[in-house]
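# what follows is a predicted structure for the sequence shown.
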Amino acid sequence: MTSHQTPMTAPTQAPTPARIPARTRIGAAVGLLLLSPICAEYLIGYDQIISNPLDMLTGLLVLGPLYGTVAVLIREVARRTGRGWPTMVLLSAAFGLIQAGVIDQSLFNPDFVDEASWDDDRLPTFAAGLGVSVKHVVGFVGGHVIWSFCAPIGVVESCVPRIADRPWLGRVGITVMIVLYGLGALVIFKEHSKQFLAKPAQFGTVGLIALGLAVAAFAIPRRFPRRGADGRGGGGRDEGSRGSGGRVPPAWAVGCGAVVLMGAHQLSSPGWGGVALNVAALVLAGGALLWWSGRPDWGPAHVLAVCGAALVVNAALSFVVEPLGDTSPVVKYGANVVLMVVVLLLLGWAWRRLRHITVRPLEGARPV
């Protein structure tokens, strides 16, 4: 080698992601499988089942496949393809629309709930030409996006921050989730179709919109890894973010803002003014999250603050929500207290996990 030649160096290889213990990734998936239906159906305590703890437990045998499998699959697809929260939100909206428009048909069934409050909530914004209540569309689909899928995903990922960006299931696990979802959806569809069946045009419209949301979810460019100002991994910048500089509010402030906006979403009145407030709250929340999540200081603690706020809002509102049907006040409030305590303990544990673990971008790894 002459003096002017540059020494040859061996190419560097990216470090191989550490093997994920099966108990860790399966445990995380099972946790999400259970938390999703609890947040979707039990946390706010709107149904008379809240006064029957045994029925709540057995109900998870159907609600777990109906809600939990979808949350697991949405997260799995997003993490395997290197995408982030915008993709998960759009897929959640697609599945939420399918849930309310096809599986239980609550968007179209005028007698879905045999209570006067159902019409009081539905009729003020009922669009006869579409056969739906605009308030129900916003409330049902928005509720599924936030409480059925995204909030449980964010909380469970915060509990296992080292593998938050990693796939949790292999081919067998994914197949099991798909089969369980199909069975759960079939059971609910057959039950709700006994007395009412939506029109083919309504099914078709819901299917086309859901397909459009799914296509949009994968049309967004993939995210790329980044590090925050403190040198800790921020979990990857979400696709669709603008990547602007600047600071973000502290996690506690983001959580407080989320409580206010989600509370406005849940407490909006049935009329058009309430719908306007509802949409404004969702747009403001979504815009702020999209803007801030592209900044280097945004991190896992902010994600936990937003998702945890969703759980706290519904757990708190459960104390003032009057369940449908006959309930025992003692058992109802007892269940509300238990669920609130469980939520606070879960969020506290997730916060401790985030504080003591440095999160590194671990994209593209496959479970072994």
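Nice, thanks for sending it over.
# what are the ranges of the strands in the stretch 101-250 of the chain?
Applying DSSP state E, counting those that start in this stretch to the stretch 101-250 of the chain gives strands spanning 126-127, 132-133.
# please work out which of these is packed deepest.
Among these, ranked by average contacts under mean count of other Cβ atoms under 10 Å, first place goes to strand 132-133 (a mean of 23). Yep, even glycine has a C-beta here, placed from its N, CA and C like the rest.
# show me what that one is packed up against.
Packing contacts for strand 132-133, counted by 3 or more Cβ pairs under 8 Å, 6 or more residues apart in numbering; DSSP states H and E, involve strand 126-127.
# and the strand it packs on, how far from the chain's centre?
27 Å (Cα atoms, centre = their mean, to the nearest Å).
# so which elements touch it?
strand 132-133.
# tell me the mean pLDDT for the strand it packs on?
Averaged over strand 132-133, pLDDT sits at 94.
# which helix or strand in this protein has the lowest average pLDDT?
Using mean pLDDT, DSSP states H and E, the weakest-scoring helix or strand in the chain turns out to be helix 116-122, at a mean of 88.
# send me it as CSV with only the CA atoms.
Extracted in CSV, the C-alpha atoms of helix 116-122 (Å, rounded to 0.1, in the frame of the first residue of the first chain):
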residue,chain,number,x,y,z
ALA,A,116,-85.6,7.3,25.3
SER,A,117,-82.1,8.7,25.8
TRP,A,118,-81.1,7.0,22.5
ASP,A,119,-83.5,9.1,20.4
ASP,A,120,-82.7,12.2,22.5
ASP,A,121,-79.0,11.8,21.5
ARG,A,122,-79.7,10.7,17.9
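# low pLDDT regions in this structure?
In the predicted model, the chain carries pLDDT under 70 at residues 1-18, 223-245, 358-368.
# tell me where it has helices.
Secondary structure of the chain by DSSP state H: the helices cover 22-37, 53-63, 69-80, 85-98, 116-122, 134-143, 151-159, 171-192, 200-219, 251-267, 272-292, 300-317, 329-356.
# which outside residues touch the fourth one?
If I follow you right, that is helix 85-98. The set of residues external to helix 85-98 that reach it, using Cβ atoms under 8 Å, 6 or more residues apart in numbering, is 70, 74-75, 77-78, 81, 140-145, 148-150, 153, 206-207, 209-211, 213-214, 216-218, 220, 238-241, 286, 289-290, 293, 303.
# gap between residue 249 and residue 289?
Counting by Cβ to Cβ, to the nearest Å, the gap from residue 249 to residue 289 is 11 Å.
# mind listing what residue 340 touches?
Taking Cβ under 8 Å, 6+ apart, one finds 315, 316, 318 in contact with residue 340.
# circling back to that earlier point, kindly reformat the strands of the stretch 101-250 of the chain as CSV and extend each row with distance to residue 107.
Output for the strands of the stretch 101-250 of the chain, formatted as CSV (distance: least, Cβ to Cβ, whole Å):
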stretch, distance to residue 107
strand 126-127, 11
strand 132-133, 5
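# alpha carbons of stretch 326-346, in PDB - could you do that?
Only the C-alpha atoms of stretch 326-346 are listed here, as PDB (Å, rounded to 0.1, in the frame of the first residue of the first chain):
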ATOM      1  CA  ASP A 326     -81.500  -1.500  36.100                       C
ATOM      2  CA  THR A 327     -78.400  -1.400  38.200                       C
ATOM      3  CA  SER A 328     -77.400  -1.600  41.900                       C
ATOM      4  CA  PRO A 329     -75.900   1.700  42.900                       C
ATOM      5  CA  VAL A 330     -73.600   0.100  45.500                       C
ATOM      6  CA  VAL A 331     -72.100  -2.400  43.000                       C
ATOM      7  CA  LYS A 332     -72.000   0.200  40.200                       C
ATOM      8  CA  TYR A 333     -70.000   2.700  42.200                       C
ATOM      9  CA  GLY A 334     -67.900  -0.100  43.600                       C
ATOM     10  CA  ALA A 335     -67.000  -1.100  40.100                       C
ATOM     11  CA  ASN A 336     -66.300   2.500  39.200                       C
ATOM     12  CA  VAL A 337     -63.900   2.800  42.100                       C
ATOM     13  CA  VAL A 338     -62.100  -0.400  41.300                       C
ATOM     14  CA  LEU A 339     -61.600   0.500  37.600                       C
ATOM     15  CA  MET A 340     -60.300   4.000  38.600                       C
ATOM     16  CA  VAL A 341     -57.800   2.500  41.000                       C
ATOM     17  CA  VAL A 342     -56.700   0.000  38.400                       C
ATOM     18  CA  VAL A 343     -56.200   2.800  35.800                       C
ATOM     19  CA  LEU A 344     -54.200   4.900  38.200                       C
ATOM     20  CA  LEU A 345     -52.000   1.900  39.200                       C
ATOM     21  CA  LEU A 346     -51.500   0.900  35.600                       C
END
